[in-house]
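Trainee: Would you be able to build a 3D model of this:
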Amino acid sequence: MSLTDLLRTALRSVSANKLRAALTMLGVVIGVASVIAMLALGNGARAAVDATFKSLGANQIQIGQRFEMQDGEFSATGKTLTYSEGLDMPRSAPLVERVEMSVSKTLRARFGRASIEISAIGTTADALDGILAGGDVQPVGWTSGDSMTTEDLISEGRFFTTDEVYAGAPVCVLGYQTALDLFSGDNPIEETIWIDRTRCTVIGVLAELESTDIQQRYQSDPNEVLIMPISTMIQELYEEEPSVYMTAHVTDADRIEEAKEQITAYLREKHEIEQDAEGVYQDDFDMTTRNDILGQQQEAARTFSLLLAAMATVSLVVGGIGIMNVMLVSVTERTREIGVRLAVGAKQRDIVSQFLLEAIIISASGGLAGIVLGILAIPFAAALNQGVALLYPGSILLAFVVAVVIGIAFGLYPAMRAARLDPIEALRYE
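Mentor: Here you go, the predicted model:
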């Protein structure tokens, strides 16, 4: 028989039992729809990881205190990371261009009779560069797409310098709203305010800022801050020097591993860390880069995607078992028909092809319906994943191909069984 005749015969056989064929397709439909929806969720999870860490530059190294589990609790090990180590790091690690550090504390600021509780931030002289690179805030009314400099973030006065950070100068820069609350619109430059019991000279006021994320604008106000040199804040406003978190900016992103080695050697010398009896260094600090974080997060997202795909594949296998069951029933019902075909000269491969085509038609039809259902289900699946889902065209093709393969795999045995029937015994079958 020609392929056209086989296809026509298979279509006629499937359409003769529309309800049974539709119920058989249902397992494939659900399986394909699940595969598409689950793959979209997995792709969305990986895309969310990329978006979350895109602001972390490829030339940055995060350095923090190492914590270990002791007596059921995480506690810091070894010596703390000090701000002075961060300030001196570029001198000892040539590949380190600069180091950003910050500490924060809620304090009370006073000027005259005005007194407010404020979030005080101690940081380095290049903090505005970090704010600019982060892209989380912008001056109010800023036109999207326009280039921005650190000067655009200052409305009055100036920011403190590296020399002032090294010297622990008693200077500070006020957020836009902080300046209004303390000075009621008067010029605050060169005025002295009190932060708890520490005097501080105002040298600058930030521009009125807003979050670039509209949803974040109602959750926190970037204008209610006070910024001062990290050295001044730690020396004057902390009873015990805290461990600081550092971000080292490397001059060449391609040499970031070499920069990590330089930083490691510098901190080991500062913390007097030596090899133990086994020749191993017990470092009391951790370093991570964007690649480290992305690699870990993407591996977790990849595992999540594989798990979801495996769950969806189970549905397809169940659908395939349904196809096999129905095809076996069909072989039993059509035993005499098979005997007649064999008796009049039909070859075994013709019988195999006919029943295999029927299984493929059922699985392919279910695959097409499942694709439509899966695409429609993606918005509902995304609602369960914080609105993150991403459908690639390749996922659709993959789901359809798997559905057809399932039809072939589970339809082959019934087809072979039908082709191996003895013509005489088949004709006698009642």
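Trainee: C-alpha from now on. contacts and neighbour counts both.
Mentor: Will do.
Trainee: Which pLDDT value goes with Arg91?
Mentor: Here, the pLDDT recorded for Arg91 equals 91.
Trainee: How many residues are close by it?
Mentor: By the criterion of other CA atoms under 10 Å, Arg91 has 13 neighbours.
Trainee: Which strand or helix spans it?
Mentor: helix 83-92 (DSSP states H and E).
Trainee: then that helix to CSV, C-alphas only?
Mentor: The C-alpha coordinates for helix 83-92 follow below in CSV (Å, rounded to 0.1, in the frame of the first residue of the first chain):
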residue,chain,number,x,y,z
TYR,A,83,37.6,50.0,56.6
SER,A,84,41.3,50.8,56.8
GLU,A,85,42.1,47.5,55.0
GLY,A,86,39.7,48.5,52.3
LEU,A,87,41.2,52.0,51.9
ASP,A,88,44.7,50.6,51.7
MET,A,89,43.9,47.6,49.4
PRO,A,90,44.5,49.4,46.0
ARG,A,91,48.0,50.2,47.2
SER,A,92,48.9,46.5,47.8
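Trainee: Can you name the residues in contact with it?
Mentor: Helix 83-92 has contacts (CA atoms under 8 Å, 6 or more residues apart in numbering) with 96-101, 166, 230-231, 243-244, 246, 262-263, 266-267, 270.
Trainee: now those residues: which count as buried?
Mentor: Burial by neighbour count, judged by 16 or more other CA atoms under 10 Å, picks out 96, 98-101, 166, 230-231, 244, 246, 262-263, 266-267 from the contacts of helix 83-92.
Trainee: quick one: which of the residues you listed is nearest Leu306?
Mentor: Set against Leu306, the nearest of the buried ones among the contacts of helix 83-92 by CA to CA is Met246 (35.5 Å).
Trainee: Helix, strand, or coil at that closest one?
Mentor: Three-state assignment for Met246 (DSSP: H, G, I helix; E, B strand; the rest coil): strand.
Trainee: so it makes contact with Val99?
Mentor: Yes: counting by CA atoms under 8 Å, Met246 touches Val99, with 6.5 Å between them.
Trainee: what about the strands in the stretch 1-150 of the chain?
Mentor: Taking DSSP state E, counting those that start in this stretch to define them, one finds strands in the stretch 1-150 of the chain at 60-65, 67-70, 73-76, 96-111, 114-123, 137-139.
Trainee: Any idea how far the fifth one is from the middle of the chain?
Mentor: Mean-position distance between strand 114-123 and its chain equals 34 Å (CA atoms, centre = their mean, to the nearest Å).
Trainee: can you pull the buried residues of that strand?
Mentor: In strand 114-123, counting by 16+ other CA under 10 Å, buried: Ile118, Ser119, Ala120, Ile121, Gly122, Thr123.
Trainee: now the angle between strand 96-111 and it, please.
Mentor: Going by axes from the mean of the first three to the mean of the last three CA atoms, to 10 degrees, strand 114-123 is angled at 170 degrees with respect to strand 96-111.
Trainee: do the first one as well
Mentor: For the pair strand 60-65 and strand 96-111, the angle between their directions (the same axes, to 10 degrees) equals 60 degrees.
Trainee: So what touches strand 60-65?
Mentor: 76-77, 80-81, 243-250, 253, 256, 260, 284-290.
Trainee: Each with direction, which strands does that strand pair with?
Mentor: strand 245-250 (antiparallel), strand 285-289 (antiparallel) (DSSP bridges).
Trainee: Chain neighbours aside, what residue packs nearest to Glu190?
Mentor: Val202 (5.2 Å; CA to CA, 6 or more residues apart in numbering).
Trainee: that's a helix at the one you found, yeah?
Mentor: No: Val202 is assigned strand when assessed by three-state DSSP, not a helix.
Trainee: one step back: of all the strands of the stretch 1-150 of the chain, which one comes closest to Leu19?
Mentor: Here strand 137-139 is closest among those (CA to CA), at 60.0 Å.
Trainee: chain center to stretch 189-204: distance?
Mentor: 42 Å.
Trainee: Now that stretch: buried residues?
Mentor: Quick answer for stretch 189-204 (16+ other CA under 10 Å): Ile189, Thr192, Ile193, Ile195, Arg199, Cys200, Thr201, Val202, Ile203, Gly204.
Trainee: Mind putting these into a markdown table with distance to Ala343 and pLDDT?
Mentor: Output for the buried residues of stretch 189-204, formatted as a markdown table (distance: CA to CA, whole Å; pLDDT from 0 to 100):
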| residue | distance to Ala343 | pLDDT |
| --- | --- | --- |
| Ile189 | 106 | 95 |
| Thr192 | 108 | 94 |
| Ile193 | 106 | 95 |
| Ile195 | 102 | 93 |
| Arg199 | 107 | 94 |
| Cys200 | 105 | 94 |
| Thr201 | 106 | 95 |
| Val202 | 104 | 96 |
| Ile203 | 103 | 96 |
| Gly204 | 100 | 95 |
